[in-house]
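Asks: need a structure here:
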Amino acid sequence: MKRSQGILSVVVLLSLFLSSCLKEADETILVNDPQKIPFITDPRWPSELLELFGEENVHFGDVPPRLECGFVSNHQYVATNLPPGQSPEIGSVTPVAHYHRFCNQYLQICEYHGMNSAENVLHVVDTAYITGHDDKFTVYFLETWSTSGTPTLAVVMSGELADGGVAGFRYGYQIVSYADEDIPPNVYPVNSVFIFQDPDHLSEYTQW
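Replies: Below is the predicted model:
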(Lines give C-alpha, C1' and ligand atoms only; values in the text may rest on other atoms or scores of the structure.)
Protein backbone atom coordinates (compact mmCIF):
# COMPACT_ATOMS: atom_id res chain seq x y z
CA MET A 1 0.00 0.00 0.00
CA LYS A 2 2.79 2.38 0.95
CA ARG A 3 4.66 1.47 -2.22
CA SER A 4 1.56 2.27 -4.33
CA GLN A 5 1.18 5.63 -2.57
CA GLY A 6 4.84 6.39 -3.25
CA ILE A 7 4.51 5.59 -6.95
CA LEU A 8 1.38 7.73 -7.15
CA SER A 9 3.21 10.65 -5.51
CA VAL A 10 6.06 10.38 -8.03
CA VAL A 11 3.59 10.31 -10.95
CA VAL A 12 1.81 13.42 -9.62
CA LEU A 13 5.12 15.28 -9.17
CA LEU A 14 6.27 14.34 -12.68
CA SER A 15 2.95 15.50 -14.13
CA LEU A 16 3.24 18.86 -12.38
CA PHE A 17 6.85 19.23 -13.55
CA LEU A 18 6.00 18.44 -17.18
CA SER A 19 2.99 20.75 -17.05
CA SER A 20 5.23 23.55 -15.79
CA CYS A 21 7.78 22.93 -18.57
CA LEU A 22 5.12 22.92 -21.26
CA LYS A 23 3.64 26.13 -19.87
CA GLU A 24 7.04 27.80 -19.93
CA ALA A 25 7.63 26.58 -23.50
CA ASP A 26 4.27 27.95 -24.62
CA GLU A 27 4.99 31.31 -22.99
CA THR A 28 8.43 31.46 -24.63
CA ILE A 29 6.91 30.92 -28.07
CA LEU A 30 4.32 33.61 -27.45
CA VAL A 31 6.90 36.11 -26.19
CA ASN A 32 9.31 35.58 -29.09
CA ASP A 33 6.57 35.34 -31.72
CA PRO A 34 9.10 35.01 -34.57
CA GLN A 35 8.20 36.61 -37.90
CA LYS A 36 8.95 35.26 -41.33
CA ILE A 37 9.91 38.14 -43.58
CA PRO A 38 11.36 37.93 -47.09
CA PHE A 39 15.12 38.35 -47.33
CA ILE A 40 16.35 41.48 -49.06
CA THR A 41 18.01 39.11 -51.55
CA ASP A 42 14.55 37.92 -52.64
CA PRO A 43 14.07 38.46 -56.43
CA ARG A 44 11.48 41.12 -55.67
CA TRP A 45 14.39 43.40 -54.73
CA PRO A 46 16.58 43.11 -57.85
CA SER A 47 20.31 42.46 -57.52
CA GLU A 48 21.18 45.50 -59.64
CA LEU A 49 19.37 47.76 -57.19
CA LEU A 50 21.32 46.29 -54.27
CA GLU A 51 24.63 46.50 -56.14
CA LEU A 52 24.19 50.21 -56.85
CA PHE A 53 22.83 50.82 -53.36
CA GLY A 54 26.06 49.35 -51.95
CA GLU A 55 26.36 46.32 -49.68
CA GLU A 56 28.12 48.50 -47.10
CA ASN A 57 24.90 50.53 -46.81
CA VAL A 58 22.68 47.52 -46.09
CA HIS A 59 22.43 46.86 -42.36
CA PHE A 60 21.64 43.25 -41.53
CA GLY A 61 20.25 41.88 -38.27
CA ASP A 62 16.97 40.58 -36.87
CA VAL A 63 16.82 43.06 -33.97
CA PRO A 64 16.47 46.46 -35.68
CA PRO A 65 16.02 49.71 -33.77
CA ARG A 66 12.60 51.11 -32.98
CA LEU A 67 11.56 53.22 -35.97
CA GLU A 68 8.81 55.52 -34.76
CA CYS A 69 9.93 58.76 -36.34
CA GLY A 70 9.45 61.22 -39.17
CA PHE A 71 12.24 63.03 -40.99
CA VAL A 72 12.90 65.13 -44.08
CA SER A 73 15.68 64.75 -46.65
CA ASN A 74 16.99 66.36 -49.79
CA HIS A 75 17.88 63.90 -52.52
CA GLN A 76 21.27 64.04 -54.19
CA TYR A 77 21.80 61.66 -57.12
CA VAL A 78 24.66 59.28 -56.31
CA ALA A 79 24.12 56.44 -58.82
CA THR A 80 21.96 55.26 -61.70
CA ASN A 81 22.15 52.55 -64.33
CA LEU A 82 21.02 54.88 -67.12
CA PRO A 83 23.50 56.26 -69.67
CA PRO A 84 24.72 59.86 -69.20
CA GLY A 85 22.22 62.35 -70.52
CA GLN A 86 19.20 60.13 -69.89
CA SER A 87 18.85 61.11 -66.22
CA PRO A 88 19.85 64.04 -64.00
CA GLU A 89 23.58 64.49 -63.51
CA ILE A 90 25.23 62.54 -60.69
CA GLY A 91 25.89 64.91 -57.80
CA SER A 92 22.93 67.17 -58.58
CA VAL A 93 20.40 67.80 -55.80
CA THR A 94 16.66 67.81 -56.40
CA PRO A 95 14.86 70.99 -55.29
CA VAL A 96 12.11 68.83 -53.78
CA ALA A 97 11.98 68.03 -50.06
CA HIS A 98 11.13 64.39 -49.32
CA TYR A 99 9.32 63.46 -46.11
CA HIS A 100 9.54 59.97 -44.65
CA ARG A 101 7.82 58.41 -41.65
CA PHE A 102 7.81 54.93 -40.09
CA CYS A 103 5.00 53.92 -37.76
CA ASN A 104 3.13 50.95 -36.24
CA GLN A 105 6.29 48.86 -36.06
CA TYR A 106 5.99 45.31 -34.80
CA LEU A 107 9.35 43.56 -34.62
CA GLN A 108 10.61 43.62 -38.24
CA ILE A 109 7.52 44.99 -39.98
CA CYS A 110 6.20 48.55 -40.06
CA GLU A 111 4.17 51.01 -42.10
CA TYR A 112 5.91 53.55 -44.30
CA HIS A 113 4.45 56.97 -45.10
CA GLY A 114 6.06 59.17 -47.73
CA MET A 115 5.37 62.58 -49.24
CA ASN A 116 7.27 65.24 -51.17
CA SER A 117 6.89 69.00 -51.43
CA ALA A 118 6.14 68.89 -55.18
CA GLU A 119 3.11 66.59 -55.12
CA ASN A 120 2.01 67.04 -51.50
CA VAL A 121 0.29 63.64 -51.76
CA LEU A 122 0.63 61.03 -49.02
CA HIS A 123 1.92 57.59 -50.08
CA VAL A 124 1.23 54.76 -47.62
CA VAL A 125 2.86 51.33 -47.69
CA ASP A 126 1.14 48.96 -45.29
CA THR A 127 3.97 46.42 -45.08
CA ALA A 128 7.61 47.45 -45.04
CA TYR A 129 10.34 45.08 -43.84
CA ILE A 130 13.15 46.05 -41.48
CA THR A 131 16.58 44.60 -40.79
CA GLY A 132 19.37 46.08 -38.70
CA HIS A 133 21.06 46.24 -35.34
CA ASP A 134 21.77 48.82 -32.66
CA ASP A 135 20.75 52.18 -34.23
CA LYS A 136 21.34 51.09 -37.83
CA PHE A 137 18.47 50.00 -40.05
CA THR A 138 17.52 49.04 -43.58
CA VAL A 139 13.91 49.16 -44.77
CA TYR A 140 12.67 47.60 -48.01
CA PHE A 141 9.27 47.28 -49.67
CA LEU A 142 7.33 47.35 -52.94
CA GLU A 143 5.41 50.51 -53.75
CA THR A 144 3.05 51.51 -56.57
CA TRP A 145 2.90 55.15 -57.63
CA SER A 146 -0.09 56.83 -59.25
CA THR A 147 2.15 58.77 -61.65
CA SER A 148 2.32 58.29 -65.45
CA GLY A 149 2.20 54.61 -66.35
CA THR A 150 1.45 53.57 -62.73
CA PRO A 151 4.90 52.15 -61.94
CA THR A 152 5.67 49.61 -59.25
CA LEU A 153 8.99 50.19 -57.50
CA ALA A 154 11.31 48.05 -55.42
CA VAL A 155 12.53 50.40 -52.69
CA VAL A 156 15.46 50.20 -50.26
CA MET A 157 16.44 52.81 -47.69
CA SER A 158 18.86 52.82 -44.79
CA GLY A 159 20.49 54.98 -42.17
CA GLU A 160 21.38 55.30 -38.52
CA LEU A 161 19.24 56.89 -35.83
CA ALA A 162 21.21 59.79 -34.36
CA ASP A 163 20.68 62.95 -32.34
CA GLY A 164 18.71 65.35 -34.48
CA GLY A 165 17.98 63.01 -37.37
CA VAL A 166 18.85 59.98 -39.49
CA ALA A 167 22.58 59.93 -40.26
CA GLY A 168 23.85 58.61 -43.58
CA PHE A 169 20.35 58.28 -45.00
CA ARG A 170 20.32 56.55 -48.40
CA TYR A 171 17.30 55.89 -50.60
CA GLY A 172 17.12 53.81 -53.75
CA TYR A 173 14.53 52.35 -56.06
CA GLN A 174 14.19 50.31 -59.23
CA ILE A 175 11.19 50.41 -61.55
CA VAL A 176 10.08 46.78 -61.83
CA SER A 177 6.92 47.20 -63.93
CA TYR A 178 4.22 49.52 -65.26
CA ALA A 179 0.55 48.68 -64.75
CA ASP A 180 -0.76 50.68 -67.72
CA GLU A 181 -0.76 49.05 -71.14
CA ASP A 182 0.19 52.28 -72.91
CA ILE A 183 3.38 53.49 -71.25
CA PRO A 184 4.02 57.20 -71.90
CA PRO A 185 7.22 57.88 -73.87
CA ASN A 186 8.48 60.40 -71.31
CA VAL A 187 8.84 57.96 -68.38
CA TYR A 188 11.97 56.07 -67.39
CA PRO A 189 12.12 52.50 -68.74
CA VAL A 190 11.51 49.37 -66.67
CA ASN A 191 14.57 48.37 -64.60
CA SER A 192 15.77 51.97 -64.23
CA VAL A 193 17.63 52.37 -60.93
CA PHE A 194 18.18 55.58 -58.96
CA ILE A 195 20.14 55.96 -55.72
CA PHE A 196 20.03 59.11 -53.58
CA GLN A 197 21.58 60.39 -50.37
CA ASP A 198 21.13 63.45 -48.22
CA PRO A 199 23.96 65.82 -49.23
CA ASP A 200 24.77 66.87 -45.65
CA HIS A 201 24.46 63.23 -44.46
CA LEU A 202 21.78 64.08 -41.87
CA SER A 203 18.03 63.95 -42.52
CA GLU A 204 16.48 66.00 -39.73
CA TYR A 205 13.65 64.67 -37.57
CA THR A 206 10.38 66.50 -38.10
CA GLN A 207 6.72 66.11 -37.23
CA TRP A 208 4.58 66.11 -40.33
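Asks: what's the local residue count around residue 135?
Replies: 15 (other Cβ atoms under 10 Å). In this view, the C-beta of every residue, glycine as well, is placed from N, C-alpha and C.
Asks: quick one: the strands in the chain?
Replies: 69-80, 93-106, 109-116, 123-133, 136-144, 151-162, 165-178, 193-197, 202-204 (DSSP state E).
Asks: need the contact list for the residue nearest to the spatial centre of the chain.
Replies: Compute the mean C-alpha point of the chain, and by Cα atoms, centre = their mean the closest residue is residue 139, 1.8 Å away. Residue 139 is in contact with 67, 102, 110, 112, 128-130, 156-158, counting by Cβ atoms under 8 Å, 6 or more residues apart in numbering.
Asks: is it bridged to anything, and to what?
Replies: residue 130, residue 157 (DSSP bridges).
Asks: before we move on, the earlier item: what about the strands of the chain, which gets the closest to residue 61?
Replies: The closest of the strands of the chain to residue 61 is strand 123-133. By Cβ to Cβ, the value is 3.3 Å.
Asks: and for the closest one, what's in contact with it?
Replies: Against strand 123-133 from outside (Cβ under 8 Å, 6+ apart): 37-38, 40, 58-65, 67, 102, 105, 108-115, 137-143, 145, 158.
Asks: again with stretch 106-114
Replies: With Cβ under 8 Å, 6+ apart as the test, stretch 106-114 has contacts from 33, 35, 37, 62, 64, 67, 70, 98-105, 122-131, 139, 141, 143.
Asks: show me which positions of it end up buried.
Replies: Using 16 or more other Cβ atoms under 10 Å as the test for burial, stretch 106-114 gives 108, 110-114.
Asks: and residue 174, how many neighbours?
Replies: 24.
Asks: residues in contact with it?
Replies: 46, 48-49, 153-154, 191-193.
Asks: give me the pLDDT value at residue 147.
Replies: For residue 147, the pLDDT comes out at 86.
Asks: now, of the contacts of strand 123-133, which are buried?
Replies: 37, 40, 58-59, 64-65, 67, 102, 105, 108, 110-115, 137-143, 145, 158.
Asks: roughly how far does residue 40 sit from residue 184?
Replies: Distance of residue 40 to residue 184, given as Cβ to Cβ, to the nearest Å: 31 Å.
Asks: equivalent analysis for residue 44, please.
Replies: Counting by Cβ to Cβ, the gap from residue 44 to residue 184 is 25 Å.
Asks: more crowded one of these two?
Replies: When neighbours are counted by other Cβ under 10 Å, residue 44 and residue 184 differ, and residue 44 comes out ahead with 14 against 10.
Asks: and the more buried one, its phi and psi?
Replies: phi -70, psi -20 (degrees, to the nearest 10).
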